[in-house]
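Student: Structure for the following, please:
(chains A and B)
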Amino acid sequence: MSAPPTPRRGARAQREPRELSPELGGEEKPGTGLAVDPPFRWPSGRALFAGLALLILVSGVAYPFAFSLVAETFTPSTATGGNISLGENITNPSLFWLRPSLIDFQPYSGAGNEVPYGPVDPALYNQTRVYIQEYGLANVSVPLNLVSPSASGLDPDITPEAALVQIPRVAHFSNLSQGALLRLVDAAIVPPEAGFLGPSYIDVISLDETLIALLGGNVPLTPTG
Amino acid sequence: MLASSSSLADVLFTLGLGLLLARWLGIYMAKVFQGRPTVLDGFFDPVDRVVYGVLGVDPRRAMGWKEYAGALIVSNAVALVFVFLLLFFQGGLPWNAFHVQGMTWDLAFHTTSAFTTNTDYQHYAPESGASLLSASVGLQMLMFLSAASGLAVLVAFVRGFVRKDGRIGNYWSDLVRCLTRVLFPLAAVGALILIFAGVPETLAQSVHHTLLGGGFEVVPTGPVASWDSIEMIGTNGGGYFASNAGDPLQNPTAFTNLVEIVMMMLLTFAPPFLFGRMVKRPNETYPHLGAILIIFVVALLLLFYFEASNPFLAATGVSQNGGYFVGAESRFSISESVLFQGISVYGNVGATSMSLGSLTPGAQSVLLWGMFLQCAPGGEGTGFGTLLINALLAIFVGGLMVGRTPEYLGKKIGPAQIRWAIVTLLAHPLAIFIPLAVASVAGFSQVAAGPGSHAFTIVLYEFTSESANNGSGMGPIGDATPFFNVAGGLIMLFGRFVPMVAMLAIGGALARQPDIPVGAGTLKTSSVTFTLYLVGFLLIVTGLLFLPVLAMGPFAQGVNWP
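Tutor: Next up is the predicted model:
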């Protein structure tokens, strides 16, 4: 085997890309249409183990380290994720409620993504009715959003309709007027990003935060007794 | 069907952006794997030389397909053994703030196979089942390696159409160039965008999250953005959290959802463009791209339709104006969640932003259909490889019917190619049906909850997802058992490496042939007719193989459809 020719580079190669570069698969041997397989070689141990070590260093260590450093330097407020709203168990009737959580809003349960019933399972039908009862909405048209479990079990958001339907209850227990609550809900609607990305939705955690402040603070999320 | 005109604008914008970037990427990648100059050579050429030096390989040594396949399998096996040991012994290793125990041997086998094969099926809960060391050094490393392996196999396969000396390239050169010039730059850009869009990225393993009700809770966190980036770009799909892209920390806003969808589209839709450029017939891109798009867009429309509402719930009196929200997140519209899920499953990424078990029977059928096809567009590299194999079969069958010589791009389709193509075609149903029969007869499928046809669908989905190297799961299913771990691990390895070897073998057989000049008997493949014929061929062959199990699973559930 003669010494491999240098790769063709530059304008000439670009104008005339007829053959693969010798660098990528080697020079074509004369005498095409071979009937026999080219010679076989096992990969060397050095290539295997040095390759693995190098990949571990770059993709397993340097890559997450470098970007953690970038995030902690340039976006310190969001680097840990502590700023992201997560659902909590809210049952106080004078506050707005979240969607039901199959993991009881426990972030470490590792059981997200598992709605335990299929699409035509009687359990789905029955559980939906149970949720409707629990939310005290048996006699109105309830948005499915409010009485359905989310994918993560940590969904902090509901649709605007799911907030509106709760206003009579919240008004009754908080002694605020329905009109005031309506304005509160309206102000809490998060519009689509850039006008078209995502639906309009309501972050219940921040809505309830405003509501609690309005009620003078010290409103427990889950009243006892 | 679609909730509003703004979500229609969103869907069209996302798809358009994804396709545009994929086209650019495909053309760039063709240059990379042909060794033609790119603007980044000044930086990457010295880097690559250092890597070749460390590895002690000669990137100019052309390999026959057997040597290429040998290097592929042995290097993947070495990584597999390493990560298996890492997971098995993680309890005693550092970077383990929460004292995660070592995995059992069967769970470690399943997890390692899942990440080696680009499947990323997770029988463990990522928050509590893997240490930061296992996740970064083990699983994330495999996400890069498996993505690079898939692309390397595709370019080697495609070289078979242009070379005439029986050699299909150098595995090390393809792998290294794929990593340095494609995957790392893309993953870096993706991670940066996600970081600035608010996805967490930290070496801390948990954060104290202030509660509205007072006090705080401990929430799992970590280098999520960098993981997310390679998860989507490399069509891996294993989540940093159990609920994957449904988790507010992994996919916090509609913008990050868009970014993640586009990242999934990059390497799944780039291969048709790479193919046309690499075989020096750019028009040959379009029959493949057209076939993929026809199937994919119809699938998306069906998904939008089926997820708009679940009539089974009508009698409860709930309003489904915003869509069928069971198992979906509120910060995404249903059409956005469905778009994510459609791309993730049809592109064999396997990331989930919804709970798949509660999808309507129609939507479940559509998702299963995508994994039966595996090639519309399919996982990066291997998905398009599967489409090419199907195209060879279609040309062979069609050529026989209309009396044309079975040839494609100047290469004869001979017995060797057809034999390997049939192996690929049959490997997928065999890898699904045999374990499915065993699980059903032996009663293992009873771990899945719900009525019979739903439980059957869940187990069918699991094995299909594993064989297609998809990785999404339809819970809940108690599948972290020795039976499902071992069967699943074997299915994934089989479903990955049998088709890969077949692709290399077909490439090798093609590369041994001289070019055949275009004659009167040549079937014109860059045409609308051929595109539609390819679509029909795919649908008929897949239907013949898989309609019976669809009937037993989701269709049977649909019988109860009100």
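Student: Nearest spatial neighbour of residue A:82, chain-adjacent residues omitted?
Tutor: Nearest residue to residue A:82 in three dimensions, chain neighbours excluded: residue B:207, at 4.4 Å (Cβ to Cβ, 6 or more residues apart in numbering or on different chains). C-beta coordinates here come from the backbone N, C-alpha and C atoms, glycine included.
Student: Over to that neighbour. Which of the three states is it?
Tutor: The assignment at residue B:207 comes out as strand when based on DSSP: H, G, I helix; E, B strand; the rest coil.
Student: low-scoring pLDDT stretches of chain A, where are they?
Tutor: A:1-37, A:109-113, A:225 (pLDDT under 70).
Student: most centrally placed residue in it?
Tutor: residue A:152 (8.3 Å; Cα atoms, centre = their mean).
Student: ok, residue A:52 touching residue B:77?
Tutor: No - with contact defined as Cβ atoms under 8 Å, residue A:52 does not reach residue B:77; the gap is 10.8 Å.
Student: quick one: which of those two has more around it?
Tutor: Legend: neighbour count by other Cβ atoms under 10 Å in any protein chain shown for residue A:52 and residue B:77, higher for residue A:52 (18 against 14).
Student: At which residues are the strands of chain B located?
Tutor: For chain B, the strands defined by DSSP state E cover B:206-210, B:216-220, B:407-408, B:411-412.
Student: Could you list which residues are in contact with the closest residue to residue A:201 other than its chain neighbours?
Tutor: In this structure, residue A:201 finds its nearest non-sequential neighbour in residue A:157, 4.6 Å apart by Cβ to Cβ, 6+ apart. Applying Cβ atoms under 8 Å, 6 or more residues apart in numbering or on different chains to residue A:157 gives the contacts A:85, A:190, A:201, A:202, A:203, A:204, B:329, B:330, B:331.
Student: related to what we said a few turns ago, now do the residue nearest to residue A:82 against residue B:201, distance only.
Tutor: Residue B:207 is 12 Å from residue B:201, where distance means Cβ to Cβ, to the nearest Å.
Student: Neighbour count: these two, which is higher?
Tutor: residue B:201 (30 against 23).
Student: So the more buried one sits against residue B:191, correct?
Tutor: Yes - counting by Cβ under 8 Å, residue B:191 is a contact partner of residue B:201 at 7.1 Å.
Student: and for these two, which residues touch both?
Tutor: The contact sets of residue B:201 and residue B:191 overlap at A:67, B:225, B:226 (Cβ under 8 Å, 6+ apart).
Student: Just these: which are in helices?
Tutor: A:67, B:225, B:226 (DSSP state H).
Student: Now do the same contact list for the second one.
Tutor: The reference is to residue B:225. Taking Cβ under 8 Å, 6+ apart as the test, what residue B:225 contacts is A:67, A:71, B:191, B:194, B:195, B:199, B:200, B:201.
Student: so who does the last one touch?
Tutor: Residue B:201 makes contact with A:64, A:67-68, A:70-72, A:79, B:191, B:194-195, B:223-226 under the criterion Cβ under 8 Å, 6+ apart.
Student: swap the cut-off to 6 Å and go again
Tutor: A:67, A:68, A:71, A:79, B:195, B:223, B:225 (Cβ atoms under 6 Å, 6 or more residues apart in numbering or on different chains).
Student: swap in the first one?
Tutor: Contacts for residue A:67 were tallied using Cβ under 6 Å, 6+ apart; they are B:191, B:201, B:226.
Student: need these in a markdown table with pLDDT, can you?
Tutor: Listed next are the contacts of residue A:67 as a markdown table, based on pLDDT from 0 to 100:
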| residue | pLDDT |
| --- | --- |
| B:191 | 98 |
| B:201 | 97 |
| B:226 | 97 |
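Student: So which residues of chain A form helices?
Tutor: Applying DSSP H to chain A gives helices spanning A:10-15, A:45-55, A:63-74, A:122-134, A:160-164, A:167-174, A:178-188, A:204-214.
Student: Please name whichever of those is nearest to residue A:143.
Tutor: Smallest distance to residue A:143 across the helices of chain A (Cβ to Cβ): 4.2 Å, for helix A:160-164.
Student: Figure out how far that closest one is from the centre of its chain.
Tutor: Relative to the centre of its chain, helix A:160-164 is centred 22 Å away, using Cα atoms, centre = their mean, to the nearest Å.
Student: near chain B at all, it?
Tutor: No - using Cβ under 6 Å from any Cβ of the partner chain, helix A:160-164 stays clear of chain B, coming no nearer than 7.0 Å.
Student: Please export the C-alpha coordinates of that helix as PDB.
Tutor: Included here for helix A:160-164 are C-alpha records, laid out as PDB according to Å, rounded to 0.1, in the frame of the first residue of the first chain:
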ATOM      1  CA  PRO A 160     -58.400  30.400  32.300                       C
ATOM      2  CA  GLU A 161     -61.800  28.600  32.100                       C
ATOM      3  CA  ALA A 162     -60.700  26.300  34.900                       C
ATOM      4  CA  ALA A 163     -60.100  29.400  37.100                       C
ATOM      5  CA  LEU A 164     -63.300  31.100  36.100                       C
END
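Student: so which of the contacts of residue B:225 would you say is closest to residue A:57?
Tutor: The shortest approach to residue A:57 among these belongs to residue A:67, at 15.1 Å (Cβ to Cβ).
Student: quick one, what contacts the closest residue to residue B:97 other than its chain neighbours?
Tutor: Nearest non-adjacent residue to residue B:97, counting by Cβ to Cβ, 6+ apart: residue B:205, 4.4 Å away. Residues in contact with residue B:205 (Cβ under 6 Å, 6+ apart) are B:97, B:132, B:222.
Student: quick one, phi psi at the first one?
Tutor: Right, the one you point to is residue B:97. Note on residue B:97: backbone dihedrals following degrees, to the nearest 10 are phi -60, psi -30.
Student: Would you mind measuring from it to chain A?
Tutor: Going from residue B:97 to chain A by Cβ to the nearest Cβ, to the nearest Å gives 13 Å.
Student: How many neighbouring residues does that residue have?
Tutor: Counted with other Cβ under 10 Å, the neighbours of residue B:97 add up to 12.
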